[in-house]
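[1] Got a sequence here, can you model it:
(2 chains)
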2 protein chains.
Amino acid sequence: MSLVEIHEVGARDGLQNEAVVVNADAKLELLRRLAAVGLRSIEVTSFVSPKWIPQLADADEVARRFERHPGVRYSALVPNAAGYERFCRAKLDVAAFFVSASEAHNQKNVNRGIEAHLDAFRPVAERAKADGVTLRCYVSTVCGCPYQGAVPVGDVLRVVRRLLELGADEISLGDTIGIGVPRQVRELLRAVSGEVPLERIALHAHDTYGRALANVESAFEVGLRRFDSSLGGLGGCPYAPGASGNLASEDVVDLFERSGVDTGVDLDALVETAAWAERELTGRALPGRVYRARLAAREREA
Amino acid sequence: MSLVEIHEVGARDGLQNEAVVVNADAKLELLRRLAAVGLRSIEVTSFVSPKWIPQLADADEVARRFERHPGVRYSALVPNAAGYERFCRAKLDVAAFFVSASEAHNQKNVNRGIEAHLDAFRPVAERAKADGVTLRCYVSTVCGCPYQGAVPVGDVLRVVRRLLELGADEISLGDTIGIGVPRQVRELLRAVSGEVPLERIALHAHDTYGRALANVESAFEVGLRRFDSSLGGLGGCPYAPGASGNLASEDVVDLFERSGVDTGVDLDALVETAAWAERELTGRALPGRVYRARLAAREREA
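    Residues are numbered from 1 along each chain as shown, chains lettered A, B, ... in the order given. All right, here's what the predicted structure looks like:
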């Protein structure tokens, strides 16, 4: 097994935040390619209402039809009981749930407070646990909130504790607006490690201010080994209004591999997959830095 | 005094690598604005032959006419004896010299090997020392070379030692192609600190692969306090062929200020200066991440 695990979110978090709507066949091909390059944890889709997110309206079809690759964990977002029913009809391993560390962000996102949101999810979590389904929980805005500003570490810890009570197997801490700095990430992870072993924690860094890799590196230094990222930076060019600035998977893989840390991912093949995604899925330049630097080098040579 | 010093290279390294040629008056205004926002070490120009770099053909005029701000150290590149004569006719504090840690890169850059290049500079360095001029030396390709690939730490140390013998007061280590990773930067700096106190060392990080801030952070952790960067990322959009991927000054300042480390620079004013530079100097979108994220936020609000 590789030393770090890259959790690939391009097919869900990525495509959900692209302007184009990608058809199901193309999504199946994307999922096939992601597994083929060595990614071992892949987010497939989200079982939200198709009305909310047209980009993922084909969630049931994709989750039923995609080709499983041996040794890969496949996950999907399950926001509620109806979503869990759909999850059970698919061939997935991990049910993922979202909550914010910021009261204001949670309110804005799902129109209720953190406690009410967690309470509503409890029966779903109980069913998932009873069914032996792995539960991954995303905590967003852990380094800061677009609405309330600062998010105290204590608020993140409170949510983490509540998720552990609900049976979370893995918790992904999201710096949703990319505002975190290494010192903050280290302090946060040291505090979280008092609640749960870091083996069960992931970092979901965004590159809005160019600090994603600095934060990834600092998280690795304090012992974190799970990192979320998106093929080519799918799901948000940081230069566009409203974009999320997803960290590109190639950038994380290259950082680690050049540091002598095995990711299990074939970087060259991953870069080719980003090129394929740009050409076949988005039709717009993907922002991944390693991908773009390699393209530029190729153009210089030509 | 601030805890870290940002050495601003936008007016030289930046403009030298932009397609447009900026007139002298605009350069003077740029230099005035850079000092006004709190930058205390500013690279003004380069006394190379005007034939080589049309962007800096007005070096003598700029270096003579710019308005000195109290407390700011102003530097210029001095490649040879002729350049030093021009330096002496201007009102500058620091003479800067370039050499590569990679034999192949030095050869390609100035058409001679490292030793011959250093030998040729020796009389200039001696004059500068006799004149009481501060000598800053740039060592490029310290993390890797576009021609020879790997650059051993020992090769960097050898060049650093030779520069110290020549009387270098300050040495800026350049990751010219942005290939370095934090582990490598830490190892390099620890080795260099065996030769010279880190107070006399700067890091010149490039953001080609999105790792500039990760490298800056890791350098800070091992004790480095001087960092080179370029307003708005002037001098190279990493997306364009041949571009250098200069690290944006706003990105470094924001990283440090959010980490509780005083830079002495007013970030808001610096971002405004980047907007001015984009509008008045380059006319093309500058790549600085903090600058672009703030622009995007403003567009969302509007």
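
[2] hey, where'd the strands end up in chain A?
    A:5-8, A:41-46, A:73-77, A:94-100, A:134-140, A:170-174, A:201-204, A:226-229 (DSSP state E).

[3] I'd like these as CSV, with distance to chain B appended.
    Every C-beta, even on glycine, is put in place using the N, C-alpha and C of the backbone. Listed next are the strands of chain A as CSV, based on distance: least, CB to the nearest CB, whole Å:
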stretch, distance to chain B
strand A:5-8, 15
strand A:41-46, 22
strand A:73-77, 24
strand A:94-100, 19
strand A:134-140, 18
strand A:170-174, 17
strand A:201-204, 13
strand A:226-229, 11
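
[4] what's the neighbour count on residue A:126?
    For residue A:126, the count of nearby residues is 12 (other CB atoms under 10 Å in any protein chain shown).

[5] who touches it in this structure?
    Residue A:126 is in contact with residue A:167, counting by CB atoms under 8 Å, 6 or more residues apart in numbering or on different chains.

[6] Next: residue A:107.
    Neighbours of residue A:107 in contact, by CB under 8 Å, 6+ apart: residue A:113.

[7] and chain A, which residues reach chain B?
    A:178-179, A:181-184, A:207-214, A:216-218, A:238-243, A:245, A:248, A:251, A:254-255, A:258-260, A:285, A:289-290, A:292-293, A:296-297, A:299-300 (CB under 8 Å from any CB of the partner chain).

[8] Could you turn the buried ones of the residues you listed into a ChimeraX selection?
    Buried subset of the residues of chain A next to chain B, written as a ChimeraX selection, criterion 16 or more other CB atoms under 10 Å in any protein chain shown:
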select /A:178,179,181,182,183,184,207,208,209,210,211,212,213,214,216,217,218,238,239,240,243,245,248,251,254,255,258,289,290,292,293,296
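
[9] Mark which of the residues of chain A next to chain B are part of helices, please.
    Among the residues of chain A next to chain B, the ones falling in helices (DSSP state H) are A:182-184, A:212-214, A:216-218, A:251, A:254-255, A:258, A:289-290, A:292-293, A:296-297, A:299-300.

[10] Skipping adjacent residues, who's closest to the closest residue to chain B within the stretch 1-150 of chain A in space?
    The nearest approach of the stretch 1-150 of chain A to chain B comes at residue A:146, 8.7 Å away (CB to the nearest CB). Excluding the flanking residues, the one nearest residue A:146 by CB to CB, 6 or more residues apart in numbering or on different chains is residue A:177, at 5.4 Å.

[11] Return the residues in contact with the closest residue to residue A:171 other than its chain neighbours.
    In this structure, residue A:171 finds its nearest non-sequential neighbour in residue A:137, 5.1 Å apart by CB to CB, 6+ apart. For residue A:137, the contacting residues are A:96-99, A:163, A:166, A:168, A:170-172, by CB under 8 Å, 6+ apart.

[12] Go ahead and measure how far the lengthiest helix in chain A is from the middle of the chain.
    Counting by DSSP H, the longest helix found in chain A is helix A:114-130. Here helix A:114-130 is found 20 Å from its chain centre; the criterion is CA atoms, centre = their mean, to the nearest Å.

[13] again with stretch A:219-226
    That offset, for stretch A:219-226, works out to 16 Å (CA atoms, centre = their mean).

[14] Let me see the residues that make contact with that stretch.
    Residues contacting stretch A:219-226 (CB under 8 Å, 6+ apart): A:3-5, A:7, A:170, A:172, A:185-186, A:189-190, A:193, A:198-199, A:201-203, A:205, A:227, A:256, A:261.

[15] With stretch A:264-272 instead?
    A:1-2, A:5-6, A:36-40, A:231, A:249-250, A:253-254, A:257, A:290-291, A:294.

[16] could you dump it to PDB, C-alpha only?
    Listed next in PDB are the C-alpha coordinates belonging to stretch A:264-272 (Å, rounded to 0.1, in the frame of the first residue of the first chain):
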ATOM      1  CA  GLY A 264       0.500   4.600  -5.800                       C
ATOM      2  CA  VAL A 265      -0.500   6.900  -8.700                       C
ATOM      3  CA  ASP A 266       1.200   7.000 -12.100                       C
ATOM      4  CA  LEU A 267       1.700  10.700 -12.500                       C
ATOM      5  CA  ASP A 268       2.300  10.600 -16.300                       C
ATOM      6  CA  ALA A 269      -0.900   8.700 -16.800                       C
ATOM      7  CA  LEU A 270      -2.800  11.100 -14.500                       C
ATOM      8  CA  VAL A 271      -1.600  14.000 -16.500                       C
ATOM      9  CA  GLU A 272      -2.800  12.300 -19.700                       C
END
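
[17] List the buried residues of that stretch.
    Counting neighbours by 16+ other CB under 10 Å, stretch A:264-272 gives A:264-267, A:270-271 as buried.

[18] can you put these in JSON lines and add pLDDT?
    Listed next are the buried residues of stretch A:264-272 as JSON lines, based on pLDDT from 0 to 100:
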{"residue": "A:264", "pLDDT": "98"}
{"residue": "A:265", "pLDDT": "98"}
{"residue": "A:266", "pLDDT": "98"}
{"residue": "A:267", "pLDDT": "98"}
{"residue": "A:270", "pLDDT": "98"}
{"residue": "A:271", "pLDDT": "98"}
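
[19] Please narrow those residues to those residing in helices.
    A:267, A:270-271.

[20] Now render these as CSV, adding distance to residue A:75.
    Conversion of those to CSV gives the following (distance: CB to CB, whole Å):
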residue, distance to residue A:75
A:267, 23
A:270, 19
A:271, 24
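
[21] Closest one of the residues you listed to residue A:157?
    residue A:270 (34.4 Å; CB to CB).

[22] Which residue is the nearest non-sequential neighbour of residue A:195?
    That would be residue A:160: by CB to CB, 6+ apart, it lies 5.4 Å from residue A:195.
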